[in-house]
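Chemist: no letters, just coordinates:
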């Protein structure tokens, strides 16, 4: 089966410049540094990692909100990275984004109707007479009562605003949605509503979803597969529950063990791998495997060789020189 | 005698849009060396409860309407500012979600770390600096003797949080109030900070009040838990009991709605409706409107927190009357 979304060795680098008038390039931040990935249609991919790992940059690069420095993004057989100007603009109907902060991503001066109507008309010529029905249908799809369509964003709660943002993303009938921390700003009881909604929409509409989050338990719940990023690279990729329950990369192991479980009895029995130090700067990454300075299994070879993401058992990809050895030992 | 005993605390905010009953009759106690977790969603009054104890709510519009808070026998709420100043920052310390709320960006952290020692312990400066360097080493700031000369912006988020913890703990307080200090941090850094506080607590016998909306952190870190809703405590008990046998529908609903405790891919339980607006009149039980078990009695009968089993209390009238088994 041909993949629906394919990333081939995508790199997003930012120059670091110095000086006001004669800007001199003094370095490069390798925010995304060689990511290859395929998604099938209707799949939900969870993209996890800590702040600064490049997960948001990768999300924005997929949607062409940031230009890729190298590599290609192919969506439904068409290379997005090759598109420019008007072509890119019309292609945007196929892919949309949902942001973390529903307070910042909606225009406070536009009513729900205006916001959604603008999105509908951005890509399809819809006669004005049809708009009210279309807006009402969109609102119902995300669980908002259509009678609220004349209200402004400030009249809604955080969870409802996120529903409006989701409705706006759906307005153009996209095939791919990248959701960047869509529930992080919401209260626990509201998070569940939005997670259920996204899961339902993906199922019913065959939406492909890239779900970016730092919250592993949320991603485990909603995603089919999880990709774990560290310093611009995917270091582990596999089915969500398997990656979470039996992580293979030493970093994923530490990450999973650091998530506290809301169950005091289980918590008491758990062994925690506490990592020392902070993640290194992407401006000046360590040699070899970027994780080696914090890794408890690191050997001499890890300092010299950058490990490739390899399939070590069916469906499980890991970028670690010692992955097979460690898997056999455990 | 408990280290801190809070009784019937009410903190209201008198705003133009009405009276916001942020904390509405909260009672609890903290024993020496104990870790008490306070959980609740935004607006449940968990932070305002602790700010009130420290005299940190803005007055006006805020006002302590009633209540006592006995710390080692003396009532914090009745104290004069000068008396409170001797306790605040010395015997009770507080840390926040955003370290920049407690760190002054203009001053080297050295100045900020030694300040409590100069004020509360009248320590000579040279000795205070030595102690400050030791405090930084204890919280795991590498190269402390040099780093103490840095400004806050030169530290990463996790390191800033450590500096704030070092500053809060430098006077060896009896009680540390922590208001979601790890919410903004990555999980691996959060694990480091939790380990650190647990270790310091063991070494010094310090009590901790840990405010959080993260049930996972509370389960792993606290011994006793208060669950707050709309300015009131709806359930309290040992952490094992709170999670294993919820006695209030809100606590049960909260636990059912988090993905970590649910089967993969299953539809998550959701609490209908929205958190209540505490400036509007509410039914007797503020959760009644969103509760799947609510009956007419929930809206009319007075709600008080009552012990149902030893050390485990609930404010649900139907549970208290034996009409509801959760």
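Modeler: Good, I have the coordinates. Computed from a prediction, not measured in an experiment: that's the story for all the values here. Numbering: from 1, shown residues only, chains lettered A, B, ... in the order given.

Chemist: chain B contacts on the stretch 151-300 of chain A?
Modeler: Neighbours of chain B within the stretch 151-300 of chain A, by Cβ under 8 Å from any Cβ of the partner chain: A:157, A:159, A:187-189, A:191-193, A:195-196, A:199, A:214, A:216-218, A:220-222, A:240-241, A:254-255, A:257-265, A:267, A:272, A:274-276, A:278-279. The way it works is simple: take the backbone N, C-alpha and C, and place the C-beta from them, glycine included.

Chemist: only the buried subset of the residues you listed, as a ChimeraX command please.
Modeler: If you want just the buried ones from those in ChimeraX, going by 16 or more other Cβ atoms under 10 Å in any protein chain shown, the selection is:
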select /A:159,187,188,189,191,192,193,195,196,199,214,216,217,218,220,221,222,240,254,255,257,258,259,260,261,262,263,264,267,275,278,279
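
Chemist: buried set for stretch B:274-291?
Modeler: Buried residues in stretch B:274-291, counted by 16+ other Cβ under 10 Å: B:274, B:275, B:276, B:278, B:282, B:283, B:285, B:286, B:287, B:288, B:290, B:291.

Chemist: hmm, I was thinking of stretch A:123-130
Modeler: Using 16+ other Cβ under 10 Å as the test for burial, stretch A:123-130 gives residue A:123.

Chemist: shouldn't residue A:114 be within a helix?
Modeler: Yes - according to DSSP: H, G, I helix; E, B strand; the rest coil, residue A:114 belongs to a helix.

Chemist: residues near it, how many?
Modeler: By other Cβ atoms under 10 Å in any protein chain shown, the residues close to residue A:114 number 15.

Chemist: same question for residue A:156.
Modeler: The tally of other residues near residue A:156 (other Cβ under 10 Å) stands at 20.

Chemist: kindly report the same for the one 4 residues further on.
Modeler: With neighbours defined by other Cβ under 10 Å, the count for residue A:160 comes to 22.

Chemist: please report phi then psi for the residue lying closest to it once chain neighbours are set aside.
Modeler: Spatial nearest neighbour of residue A:160, excluding adjacent residues (Cβ to Cβ, 6 or more residues apart in numbering or on different chains): residue A:144 at 6.5 Å. Main-chain torsions, residue A:144, degrees, to the nearest 10: phi -110, psi 140.

Chemist: how near is residue A:144 to chain B?
Modeler: Per Cβ to the nearest Cβ, to the nearest Å, residue A:144 is found 13 Å from chain B.

Chemist: so among the buried residues of stretch B:274-291, where is pLDDT lowest?
Modeler: Across those, the member with the lowest pLDDT is residue B:274, scoring 78.

Chemist: which helix or which strand is home to it?
Modeler: Applying DSSP states H and E as the criterion places residue B:274 outside every helix and strand.

Chemist: next, it: phi, psi?
Modeler: Dihedral angles for residue B:274 - degrees, to the nearest 10 - are phi -120, psi 160.

Chemist: and the strands in the stretch 101-250 of chain B?
Modeler: Using DSSP state E, counting those that start in this stretch, the strands of the stretch 101-250 of chain B run over residues B:175-179, B:207-212, B:224-229, B:232-238.

Chemist: touching the first one from outside, list them.
Modeler: By Cβ atoms under 8 Å, 6 or more residues apart in numbering or on different chains, the list of residues contacting strand B:175-179 from outside reads B:3-4, B:30, B:47, B:50, B:53-54, B:71, B:91-97, B:168-169, B:197, B:201, B:206-211.

Chemist: again, only this time at 7 Å
Modeler: Residues outside strand B:175-179 that contact it (Cβ atoms under 7 Å, 6 or more residues apart in numbering or on different chains): B:3-4, B:30, B:47, B:50, B:54, B:91-97, B:168, B:206-211.

Chemist: now do that strand, average pLDDT.
Modeler: The pLDDT scores in strand B:175-179 average 93.

Chemist: do the same with the second one
Modeler: Predicted confidence along strand B:207-212 averages 94 (mean pLDDT).

Chemist: that one - contacts with which helices or strands?
Modeler: strand B:35-39, helix B:46-53, strand B:175-179, helix B:215-221 (3 or more Cβ pairs under 7 Å, 6 or more residues apart in numbering or on different chains; DSSP states H and E).

Chemist: for that strand, which strands pair with it and how are they oriented?
Modeler: Strand B:207-212 sits in its sheet next to strand B:35-39 (parallel), strand B:175-179 (parallel), going by DSSP bridges.

Chemist: check those strands for me and report the most buried one.
Modeler: Sort those by mean neighbour count, taking mean count of other Cβ atoms under 10 Å in any protein chain shown, and strand B:35-39 sits at the top with a mean of 25.

Chemist: who touches that one?
Modeler: Residues from elsewhere that reach strand B:35-39 (Cβ under 7 Å, 6+ apart): B:30, B:46, B:49, B:201, B:208-213, B:215, B:218, B:221-228, B:239.

Chemist: tell me the angle that strand makes with strand B:224-229.
Modeler: Counting by axes from the mean of the first three to the mean of the last three Cα atoms, to 10 degrees, strand B:35-39 lies at 20 degrees to strand B:224-229.

Chemist: which stretches of chain A have low pLDDT?
Modeler: For chain A, the stretches with pLDDT under 70 are A:1.

Chemist: would you map the strands across it?
Modeler: Ranges of strands in chain A, per DSSP state E, are A:5-18, A:24-39, A:44-48, A:70-75, A:78-79, A:95-98, A:176-180, A:208-213, A:225-230, A:233-239, A:310-313, A:316-318.

Chemist: make a markdown table from these and add mean neighbour count to it.
Modeler: Putting those into a markdown table (neighbours: other Cβ atoms under 10 Å in any protein chain shown) gives the following:
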| stretch | mean neighbour count |
| --- | --- |
| strand A:5-18 | 17 |
| strand A:24-39 | 19 |
| strand A:44-48 | 26 |
| strand A:70-75 | 18 |
| strand A:78-79 | 12 |
| strand A:95-98 | 23 |
| strand A:176-180 | 24 |
| strand A:208-213 | 25 |
| strand A:225-230 | 25 |
| strand A:233-239 | 23 |
| strand A:310-313 | 13 |
| strand A:316-318 | 24 |
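
Chemist: residue B:244: which of these is closest?
Modeler: In terms of Cβ to Cβ, the element of these nearest to residue B:244 is strand A:208-213, at 28.2 Å.

Chemist: partner strands of that closest one, with direction?
Modeler: Strand pairing for strand A:208-213, determined by DSSP bridges: strand A:44-48 (parallel), strand A:176-180 (parallel).

Chemist: a markdown table for these, including distance to residue A:328?
Modeler: Listed next are those as a markdown table, based on distance: least, Cβ to Cβ, whole Å:
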| stretch | distance to residue A:328 |
| --- | --- |
| strand A:44-48 | 26 |
| strand A:176-180 | 37 |
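
Chemist: sounds good, over and out.
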